[in-house]
Each structure stands twice: as structure tokens, then as C-alpha cells.
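Trainee: got a structure for you, letters missing:
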């Protein structure tokens, strides 16, 4: 019996990209090419821990989230949840595990069924397991109270609520079954700054109460830093660096991680000249560069980087990096 | 499951009806149509001044007057009474056709779009098969094969009508498949059947509703055409299309026998078109928020 | 004190909607000086986009109604202009960059076509001779200036063939190629990745210095504004609540809203402490609170705040709308 909550081993998710709308500087892609959304991700997650994943669009973080939850079946690789291999489970067997892992989606405007009342939306995850009305009602009241919604709002429809309130509803729904793991995919990107703080505080208090683990995905490094014990930086389908939060944020060792973290604007006008510039644009995940995927944009790239893909190695305890020439501290 | 999501939709509909006179006219026509149909079903011949089947040759070919609002036909029957009594026939035909076609199309298309893969391919090929024929021709062919009568007209038209709804629903289901709340439902471990029933189909209803309303007018037209050709309602049951046919040899003289029922068909079809337009506006995201 | 390039006085705009009267702008006062980047910060629904549209004359009137106020651009009141006169100002005096470049570029025309159009507008104004090749050469120069790696190639491509970041660079090129006095940028980097955003911000700063244009940079993101603006104006429920030099605003905010907004931002707290969230929500613009619109959420609110609507006035080097000053 392992103490790990979640374990990923070389998880890969490829999509056949026939006639899709991805264009890059080099032109359109041809039929039959493959979109390597997630290309070999491995990590473990403990109980009551938050792992933050940062990356830009096209890095595969949303696909990773969906694959972990088995909304997409991985192309290869293994996912272990509480020691159990999810790979060959049937739809019904998976359904039994689902109450333990939930997700809060990015867009509060499309994550709630517009034709259902709030109380039914929130009740749904538990209703699948337990249809007793009393139990359901009690739990619904409990969670909606926790997220700060009033009883009278339960009978309303989602379109009567603001973005921030909808996220609260989504969070209430996610905690209905007391899951051990919740994946949060950009939960505050679509809400205003003043609401963001409320939501983040709510998420922290819930985590303390239920002792659950979070995987917190965001492009906003400040937000991820506030919430996470560890941070992983993702680029073109792979983790390029993963380690304790403060280390990653204060002294990132991978050139991309360093550039990414320095690019995040801080609300401090005196901190302007510190941005490390990256040249060029993120390549399409259909045609990732050879060797180290970051080499075309890396100022330190050598020939070795174009040929050999670096592996994620442990540089210091708990701090892994995939780079032939990690930056000095 | 609520059709109008909440009072807001209803209020919005009423507001649009108030603002747009054409929409209001359409709504009134549609309501009048349904009202008259219902009234006839309840009260029967007592609703009208004259017995619609009473033959009285001495009164034949009277032009429209206060006594006979629409005049009398070649057999001395009061055209107005006949027209009124004919209302529920077309109402029944239109509503049943659209109702059954849209329901079937909704389920068929939603399943197809949601499940995807083989199911989608097969279902869509079947739909294509039906769509390959010009609809009116196909409807006539089926009606002829089945024989005369109102029920057969209904069957014939359902065959022709359902594919469009299937297509529409499939498109809706395809986009709903991507919706995050459907993902959220999958995460709860709901069976695919349950997701289809609870999330996909209810959210697919509004485009069907709009299209269906617009379509009611067309259905009435098709029904009238089939009756005109002798395939629908049989004498002595009055029916608008049939009345147009019966009266057309007298067009130059007693024009009212043909033209007035024809005008009614036109007005009803137009009314539903206008109403459908207004409903589409209600569900158009631009008018929301 | 040099004359401001743009001055907005007491601008009040309302929309008639099915849900009631939507007060988008409530007495906005704002001044932008020459060669100055003014950052306008506010959350969604505060009216900042309405302000941009009103300035460039793109407000849909009706349902919008300009109830009072003036927009003075180089001594002319834009609100009194005819449609034709406003058209002349657009693209030559004032140009605009929008948030979503995919919808602001015409998908049917090449990039080159669209940028030479912008250049033509300027040349038309200057009335100098123009040949096809000279406009094309200038177009390519601009594409190079905004950092496209293959400007000649991009010149002949269509918008959908470029990435989001590249399209936004094209938009900036188009906005600046016509040598405007004022460029309005409405959330120009919100749809972009963080690294691309950093590049674009740097680019804007560099280019507007070259062209000597002023910029009205609108964003919901405080941090982005901190990186680019010379002065900052904070907007809430359709009015400016505080305005001043960027360092002053961030280091010594005076208005309750500005302070609360800055304090709620993560990154200033340690991992284990809760963030200082602002209680309540941004009010719906059909139901703005009486008196000071922020008073229900302000920690320093007093009785006076419920009834007196504070006007923007000078205090400690800023312009603040608060009864405490």
C-alpha cells in the first residue's frame, strides 16, 4: 500500500490531427500528422499536497488534466490512483473511482449546465452514488454554505450568477463527494482580480478542512506560487522542471522556466527591466523540434541540444530538471 | 426540465413581441389558429353559422356578403363555415408531423452526434438517404403508396421531415460534446445514456423549438398540397387544400371558393414564420445579457 | 505644462437595455499628455471599453446615449463631430488596437494589403506622392520593426496564417504606421501567452517613443499596467477613482479601491496566509450604489460616503475621488 495519491509514469496523449486548424510559421500541417499534446509526463503526488503546473497555451496542461482524470484515454503510459492502475478499467469500474477525483474547469460560463438549477448541478456527483433525497439535500446545503452561497440561491439557474459565483458553484460541486484529488484548470483566469482572491482563499480553506490534494494549473505564476507546495513547468507536452515552489520561483534552473517566470508581470513598476526575452514563438505540438524541444529558442543551445533530448533528472533533492546545461543558481 | 429556462426567457419573449409588431402579428395568428382549432374540436358544428356539409343548390355561387362571409360554393355550402371547420384538420396534421419528426430527429441526431464513431456514420448515411429525395416528391410518393386519408398524409410527411431535425440535433450534440459541463458530468461517473438524457438532449431543444415553429407553416403548406392532390382529407370533411382544388374550375367566376381558403393557408403559414423568427431572437445570444 | 493630447471631461454615457438603464460611464475625467502612456485599470464591467469606444466614436448610439461631457482631442470636441469628421480622425489622429486580433483583421485580405491601407491613410493626410512600391517597402519596414521574423513573407500572407502574437504585432504596426497622435490599446495582450505578452509590452514601449505617440493602455491586469504605463488611472463603476504617476499609485495608493485591489494580489503574501480579498462584488451597472459607489466595500467608509459622491480632485500628487482627501 503506497502513500502516494497519484502516480504518472511516462503518460503520453497524442491526437491524430486530421484537418485541424493549427498553423505555425512554417505553414499548415498535413493530414495524418499527430498532435503530441502530452509526450511523456511522470510525477507523483502525495495526499494533502498541491502541485502547481505552469505553462503557456499549447503546452498540453489542459490535456494532461483531462488525461489524468481519464476523460481522455492515454495513448501510452500508466496512471495509478491510490495505488490502483487505471489503465484497463471498464467504464463501470472507473465510475466507482470517479467520486475521488474531480475537476474545477476554467470557464465558469460553460462548466454549469444552463438548464439545471444550482441545487441539481451541485448534487449530481453524489446522486450518481447515492440517491437518497435526505442525504443529498443535507450535503448540498453543507457544501453551498461552505462556498458562501445562500439557501435561496439554490433554486436558481446559473445564468443569474456572476463569474465568481459560478466558480463557487463549480467548487461546491467538486467537493460534494469529498474527493481526494481536485484538478483546478485555470480556476481564476476568467474572473476579476478582486474575486480571484476570494476564490483562492476559499480553495485553501477547503483544502485544509478536507485534507485533499490539488493539481493547480495556471499561466499566472504568482497565483500558482501562492497555492502550491511544488511547481512543475510544462513546455510542449513535457515537464522541463519540477521542484519546491520557492526554488522554482526564485531560482529556476531551466532556461525556459527562467524566462517564463521572469516574463510574468508583477504589480511593481520598479521591476521592469528584469524580463528575460525569449525569441520566437512556441512551435506547434504537431512538429516539435528535435532533441531538446526548447533548443530553437534557447540562448544557450549547443549541437548536443539539437540531437539529444534531455531527461528529467534530479538535480537536488526533490528538484528535477530536463536540461543539458542547467542555469547556475 | 424546463423549456423556457426561467422567467427571463418568457419576459424576453413578451418584450420582443411588444417591440416588434410583425412578431406580435405572427403570435396572434398562431394563437388564433390554435384557438379556433381547439374551439372546433370542442363545439363542433355549433361554432359556425351554417352546416358545412349542408348541400343547397339554390344557394350556390353566392358572392361574399354579410350572410355568407366567404360566399357559397358550387353546392351551396357556406365557404366560411367550411373553412372554420377545416381548421383542426390542418392543425392536427401540422402539429403531429412536426411534433413526431422533431422528437424523433432530436433523439436520433443527439445520439448520433454524442456517440460519434460508427454510430454517427451509419446514422448520418441513413439521414442522407432520406434527404437525397426532393421532399415533396417523396411525400407524395409515400402518400400515394399508403392511400388517401389524413393519417397517411401525416405518415408520409413525417418520413420527409425528420432528417432535417436529425441534422440539426447532431450539430448541436457535437458542440455540446465539447461543453465543459458535459465533461463535469462524465467525471461524476454518469453513464453515457444518462448524460445523453440529462444534459445533451435538454440543451439541444431550443434550436429544434425555433426551427419547429418556423416549420409549422411549411407543414401546413405541405398538408394542403397533398390534400389538393386528393391524398389527404376525403370529402365530405372540409380541408383548405381540398377546397382550393374543388374551387379552381370556378376561378374566373366564383373566385372566392378557391382564393379565400388559399389566403387562409398563406396567412397561417406566414404567422408561424413570423413567430418562429421572434423565437429565434429570444434564443439568440446577442439579445441575452 | 504641455497641452494634453486628449482630455475627457465629465463624460456620462448610459445604455438603454431590456434590463433597465445601464450607466456605463458616470462623469469620467481623464487627461493624457503628449508622448505619455496612460494605463487605465479596472475590472470587468467598470466601463473601460465603453470609454475607448466613445473616444474613437464607435459607441453604438442607440442603444447608448451620451448624456453629457466632452472629449477634447487637440482642441476639438469629438462628440460634436459629424461621422465624416470622426472618420478622418480615426487612423490618423487616433488609432486603436483591440484585444482579439483574429476578428479585427479582415480575413479576406493579405497582411500587406491591410498595412498599406493604414499607410495610405496617413499619406493621404500628408498629401505627398505615393507609389505602390514605396508604400509596400514602408509596410515591410513596419512589419520588421514589430519583430516579425520574415516581414516580406508575412506581407503576402493572410491573417489566419499567423499566430496570435504575430497578428497582434501586425495590429500594432497598423496602428502606428499612420503616425497617430494617440493610440488606444484595449486589452491588447490579454489573449496572449505570458512570454509573448512580455515581448509585446516591450515593443509597444519602444515604438511609441519612436513615433512620439501617446497611448491609452486599457487592461484589467494591474501587473501589466505596472510594466508599461507612465501614469495610471483606476476605474470603478464608470468613473475614475484615482489617477497619478505609476510609481505613486503602486507604492502609495490613496483610494480605498486601489489599496484593496493591490492588497488582494497574490505574491505579496507568504504561502500560508490568506489573501486580503475585497468583500462583496462589483456592483451591476444598472444598480450603482448612492454616494461613493465603492462605499459598501470600503474598509474606511463613513456615513458621509453613503450620500456624497466624491469628485476627482488633487491630493498628495494624485487625483483622487474620495471624501477623505
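Mentor: Thanks, I have the structure now. Because the structure is a prediction, the values reported are computed rather than measured.
Trainee: show me where the chain dips below the pLDDT cut-off.
Mentor: Defaulting to chain A. For chain A, the stretches flagged by pLDDT under 70 are A:1-2, A:17-32.
Trainee: oops, chain B please
Mentor: Scanning chain B for pLDDT under 70 picks out the ranges B:1-13, B:282-289.
Trainee: quick test: name the residue nearest the centre of it.
Mentor: For chain B, residue B:216 is the residue whose C-alpha lies nearest the centre (CA atoms, centre = their mean; 2.3 Å).
Trainee: mind checking how far the residue in the stretch 101-250 of chain B that chain C sits nearest to is from residue B:169?
Mentor: Nearest residue of the stretch 101-250 of chain B to chain C (CB to the nearest CB) works out as residue B:206 at 18.4 Å. C-beta: built from backbone N, CA, C; applies to glycine. When CB to CB, to the nearest Å is the yardstick, residue B:206 and residue B:169 sit 11 Å from each other.
Trainee: hang on, the earlier thing: please report how far the residue nearest to the centre of chain B lies from chain A.
Mentor: 24 Å (CB to the nearest CB, to the nearest Å).
Trainee: higher neighbour count, residue B:206 and residue B:169?
Mentor: Comparing residue B:206 with residue B:169 by other CB atoms under 10 Å in any protein chain shown, the one with more neighbours is residue B:169, at 30 against 19.
Trainee: SS state for the residue most central in space within chain A?
Mentor: Per CA atoms, centre = their mean, the C-alpha nearest to the average position across chain A is that of residue A:217, at 3.2 Å. Of the three states, residue A:217 takes strand under DSSP: H, G, I helix; E, B strand; the rest coil.
Trainee: and if you look at residue C:65?
Mentor: Residue C:65 is classified as strand under three-state DSSP.
Trainee: quick check: bridge partners of it?
Mentor: residue C:14 (DSSP bridges).
Trainee: just the element for residue B:233, please.
Mentor: Using DSSP states H and E, residue B:233 maps to neither a helix nor a strand.
Trainee: what about it, how many residues nearby?
Mentor: Other residues near residue B:233 come to 24 when the count uses other CB under 10 Å.
Trainee: wouldn't it be in contact with residue B:242 here?
Mentor: Yes. The pair residue B:233 and residue B:242 passes the contact test of CB atoms under 8 Å, sitting 5.9 Å apart.
Trainee: now for the two: what residues contact both?
Mentor: Jointly contacting residue B:233 and residue B:242 under the rule CB atoms under 8 Å, 6 or more residues apart in numbering or on different chains are residue B:227.
Trainee: list the buried residues in stretch C:3-18.
Mentor: By neighbour count with 16 or more other CB atoms under 10 Å in any protein chain shown, stretch C:3-18 contains the buried residues C:4, C:5, C:6, C:7, C:8, C:10, C:11, C:12, C:13, C:14, C:15.
Trainee: do whatever helix or strand residue C:153 lives in and chain A meet?
Mentor: Assigned by DSSP H and E, residue C:153 belongs to helix C:151-155. No. Helix C:151-155 lies out of reach of chain A by CB under 8 Å from any CB of the partner chain, never closer than 9.0 Å.
Trainee: picking up where we left off before, what helices or strands is the helix or strand hosting the residue of the stretch 101-250 of chain B closest to chain C leaning on?
Mentor: Element membership for residue B:206, per DSSP H and E: helix B:201-228. Counting contacts by 3 or more CB pairs under 8 Å, 6 or more residues apart in numbering or on different chains; DSSP states H and E, helix B:201-228 is packed against helix B:79-115, helix B:135-146, helix B:150-177, helix B:240-247, helix B:256-283.
Trainee: and stretch C:226-242, end to end?
Mentor: End-to-end span of stretch C:226-242 (CA to CA, to the nearest Å): 15 Å.
Trainee: and what of stretch A:145-163?
Mentor: End-to-end for stretch A:145-163, by CA to CA: 18 Å.
Trainee: ok, residues contacting that stretch?
Mentor: Contacts of stretch A:145-163 (CB under 8 Å, 6+ apart): A:108-109, A:112-119, A:121-122, A:140-141, A:144, A:165-166, A:168-169, A:171-172, A:175, A:190-192, A:195, A:198, A:202, A:206, A:209, B:5-6, B:8, B:288, C:44, C:281.
Trainee: for that stretch, buried residues please.
Mentor: Of the residues in stretch A:145-163, A:146, A:147, A:149, A:153, A:154, A:156, A:157, A:158, A:161, A:162, A:163 count as buried by neighbour count, 16+ other CB under 10 Å.
Trainee: among these, which two are most distant?
Mentor: Within the buried residues of stretch A:145-163, A:146 and A:157 form the most distant pair, 21.3 Å apart (CB to CB).
Trainee: who touches the helix or strand containing residue B:30?
Mentor: Using DSSP H and E, residue B:30 falls within helix B:21-43. Outside helix B:21-43, the residues that touch it by CB under 8 Å, 6+ apart are B:16-18, B:47, B:84-85, B:87-88, B:91-92, B:213, B:216, B:267-268, B:270-278, B:281.
Trainee: that helix versus helix B:201-228: what angle between them?
Mentor: 70 degrees (axes from the mean of the first three to the mean of the last three CA atoms, to 10 degrees).
Trainee: ok now the helix holding residue B:206, how far from the chain's centre?
Mentor: On the basis of CA atoms, centre = their mean, to the nearest Å, helix B:201-228 sits 4 Å off its chain's mean C-alpha point.
Trainee: cool, and stretch A:219-230?
Mentor: That offset, for stretch A:219-230, works out to 11 Å (CA atoms, centre = their mean).
Trainee: could you list the residues in contact with it?
Mentor: A:49-57, A:186, A:188-189, A:196, A:200, A:203-204, A:214, A:216, A:218, A:231, A:242-245, A:248-249, A:260-261, A:264, A:266, A:318, C:193-194, C:223, C:265-267, C:269, C:271, C:275.
Trainee: of those residues, select the buried ones using a ChimeraX command.
Mentor: To isolate the buried subset of the contacts of stretch A:219-230 in ChimeraX, counting by 16+ other CB under 10 Å, use the following:
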select /A:49,50,51,52,53,54,55,56,186,188,196,200,203,204,214,216,218,231,242,243,244,245,248,249,260,261,264,266 /C:193,194,223,265,266,267,269,275
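Trainee: now narrow the contacts of stretch A:219-230 to whatever sits close to chain B.
Mentor: Contacts with chain B are made by none of those, judged by CB under 8 Å from any CB.
Trainee: tell me which of the contacts of stretch A:219-230 fall in strands.
Mentor: Judged by DSSP state E, strands contain the following of these: A:50, A:51, A:52, A:53, A:54, A:214, A:216, A:218, A:231, A:242, A:243, A:244.
Trainee: which residues touch stretch C:89-99?
Mentor: Contact partners of stretch C:89-99, identified using CB under 8 Å, 6+ apart, comprise C:52, C:55-57, C:73-74, C:78, C:81, C:104, C:118, C:121-122, C:125, C:168, C:171-172, C:174-176, C:178-188, C:190-191.
Trainee: any idea how far the residue nearest to the centre of chain B is from residue C:213?
Mentor: 58 Å.
Trainee: how about the residues of chain C by chain B?
Mentor: Proximity of chain C to chain B, by CB under 8 Å from any CB, involves residues residue C:18.
Trainee: quick check, central residue of chain C?
Mentor: Central residue of chain C (CA atoms, centre = their mean): residue C:218, 3.1 Å from the mean position.
Trainee: touching, that one and residue C:37? I think so.
Mentor: No. Applying CB under 8 Å as the test, residue C:218 and residue C:37 come out as separate, 11.4 Å apart.
Trainee: show me where chain C has its strands.
Mentor: Under DSSP E, chain C gives strands at C:6-17, C:20-32, C:37-41, C:64-73, C:76-77, C:94-97, C:182-186, C:214-219, C:231-236, C:239-245, C:313-315, C:318-320.
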